[in-house]
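Undergrad: curious how this folds, go ahead:
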Amino acid sequence: MIKTNGFRVLAMVMTTLWMVTIIPVTVVQAADFRGQGFDLSSYNGTINWEQVAEADMDFVMIRTGEGRAPDVDTQFAANYDGAVAAGLKVGVYHVCCVRTPKEAVEEAEYCLEILDGRDLDYPVAYDMERKGTFAGGRENTTAIAKAFCDTIADAGYVPMIYSSASFLNENFDWKKLKNCKVWVASYSDTRPKLPVSADLWQYTKKGSLEGANTDKGYCDLVYSYMEATSIKFTKPTLTMKKNTTAQATVKIKPNGCTDRKSFTSSNPKVVAINKKTGKLTAKKAGKATITVTTGSGRKAKMKVVVK
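TA: I've put the predicted structure just below:
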């Protein structure tokens, strides 16, 4: 009995030690990231947006297409419309297939043609992971990235570069790419070390998101680390009538920031607010203070009077 139980105790101890080793990594990541999202392309098939809307996701990066015309992602328009209807923030990415800066400008122009003036909350990323793109050396690769990103920025969008950690470390002169956000792909339990700060981290290609998985049962999952430097309500005061609703709106900087926002009411019996969306519901006469807090700790307040 003692030997048998001793074996069981040893197994329990080993299991406990394993759990103690794993749990801190998860906790650190959860406390550190500013938003949780995923990316989509036609490989994900037709998305069930009702299922996706039930998940705790903040944003989605949607593929526009590859290279130059006419290679548009067949699901782009449907994915964009579905994501917006589901209340998700939207960014996009375009796959690089070129070897010269001149061709990169043409890819950027094609990406903008596909976007067709659509509003974006998150950046336009340049997916640079094909080996041919890096064949011309570091200087040429940097010039390709800069040509695409400058064209995107001139159109009023926030540019971003996507690649693996090794490619980002070895193939770019970051002093020449200061206006570009960074999205790194690295499938591990810890954030990769880079010469610049990563704004987005695709931490797994074998995640699962009901309604958005590929036919293999997987979905790329992404953490955001783009912190807010400031936030304020568009209206510092608001007057409402009882039994009406309104939308609290905020301005957040920098442009393209992906920081989470959370809304609270000082008096929910007077004015209730949806924690995630900022929708206000006036319940009875009185006053309340609405507070919005970003994941990085920035706050703003708005006073609401119900008559």
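
Undergrad: strands of the stretch 201-307 of the chain, start to end?
TA: In the stretch 201-307 of the chain, the strands defined using DSSP state E, counting those that start in this stretch lie at 219-224, 230-233, 237-240, 245-247, 250-253, 261-265, 271-273, 279-282, 286-294, 299-306.

Undergrad: neighbouring strands - and their directions - for the fifth one?
TA: It stands for strand 250-253. Partners of strand 250-253 in the sheet, by DSSP bridges, are strand 230-233 (antiparallel).

Undergrad: leaving out chain neighbours, which residue sits closest to residue 260?
TA: Spatially, and ignoring its direct neighbours in sequence, residue 260 is nearest to residue 295 (4.0 Å; Cβ to Cβ, 6 or more residues apart in numbering). In this view, the C-beta of every residue, glycine as well, is placed from N, C-alpha and C.

Undergrad: dump the residue contacts of residue 291.
TA: Counting by Cβ atoms under 8 Å, 6 or more residues apart in numbering, residue 291 touches 263-266, 299-301.

Undergrad: change it to 7 Å
TA: With contact set as Cβ atoms under 7 Å, 6 or more residues apart in numbering, residue 291 has these partners: 264, 299, 301.

Undergrad: ok, it to residue 299 distance?
TA: Between residue 291 and residue 299 the computed distance is 6 Å (Cβ to Cβ, to the nearest Å).

Undergrad: which parts of stretch 295-307 are buried?
TA: Applying a neighbour-count criterion of 16 or more other Cβ atoms under 10 Å, one finds 295, 298, 300, 302, 304, 306 buried in stretch 295-307.

Undergrad: wait, residue 53 touches residue 84, no?
TA: No. If you go by Cβ atoms under 7 Å, residue 53 and residue 84 don't touch, sitting 11.2 Å apart.

Undergrad: and the contacts of stretch 273-282?
TA: Contacts of stretch 273-282 (Cβ under 7 Å, 6+ apart): 87, 240-248, 262-265, 271-272, 290, 304, 306.

Undergrad: before we move on, back to that, closest one to residue 107 out of the contacts of residue 291, please.
TA: Set against residue 107, the nearest of the contacts of residue 291 by Cβ to Cβ is residue 299 (40.5 Å).

Undergrad: hang on, residue 38 packs against residue 57?
TA: Yes. Using Cβ under 7 Å, residue 38 is in contact with residue 57, at 6.3 Å.

Undergrad: show me the strands in the stretch 51-200 of the chain, by range?
TA: Assigned by DSSP E, counting those that start in this stretch, the stretch 51-200 of the chain shows strands spanning 59-66, 89-95, 124-127, 159-164, 181-185, 200-207.

Undergrad: output the third one as CSV, nothing but the C-alphas.
TA: Taking Å, rounded to 0.1, in the frame of the first residue of the first chain, the C-alpha atoms of strand 124-127 are listed here in CSV:
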residue,chain,number,x,y,z
VAL,A,124,-2.4,47.7,-43.1
ALA,A,125,0.3,45.0,-42.8
TYR,A,126,2.8,43.9,-45.5
ASP,A,127,3.2,40.1,-45.3
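
Undergrad: identify each buried residue in that strand, please.
TA: Residues 124-127 are the ones in strand 124-127 that count as buried (16+ other Cβ under 10 Å).

Undergrad: what strands flank that strand, and is each parallel or antiparallel?
TA: Using DSSP bridges, the strands paired with strand 124-127 are strand 89-95 (parallel), strand 159-164 (parallel).

Undergrad: ok, back up a step: could I get the buried residues of strand 124-127 as JSON lines with pLDDT and distance to residue 79?
TA: Output for those, formatted as JSON lines (pLDDT from 0 to 100; distance: Cβ to Cβ, whole Å):
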{"residue": "124", "pLDDT": "97", "distance to residue 79": "15"}
{"residue": "125", "pLDDT": "98", "distance to residue 79": "15"}
{"residue": "126", "pLDDT": "98", "distance to residue 79": "19"}
{"residue": "127", "pLDDT": "98", "distance to residue 79": "16"}
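
Undergrad: quick one: which of those is nearest residue 107?
TA: Distance to residue 107 across these (Cβ to Cβ) is lowest for residue 126, with 7.9 Å.

Undergrad: burial measure for the closest residue to the closest one other than its chain neighbours, as a count.
TA: Nearest residue to residue 126, sequence neighbours excluded (Cβ to Cβ, 6+ apart): residue 148, at 4.7 Å. Applying other Cβ atoms under 10 Å, we find 29 residues neighbouring residue 148.

Undergrad: how's this structure carved up into domains?
TA: With domains defined by automatic domain parsing, the chain comprises 1-32, 35-224, 230-306.

Undergrad: got the contact list for the closest residue to residue 149 other than its chain neighbours?
TA: Once flanking residues are discounted, residue 149 sits nearest to residue 159: 3.5 Å by Cβ to Cβ, 6+ apart. Residue 159 makes contact with 123-124, 149, 152-153, 179-181, according to Cβ under 7 Å, 6+ apart.
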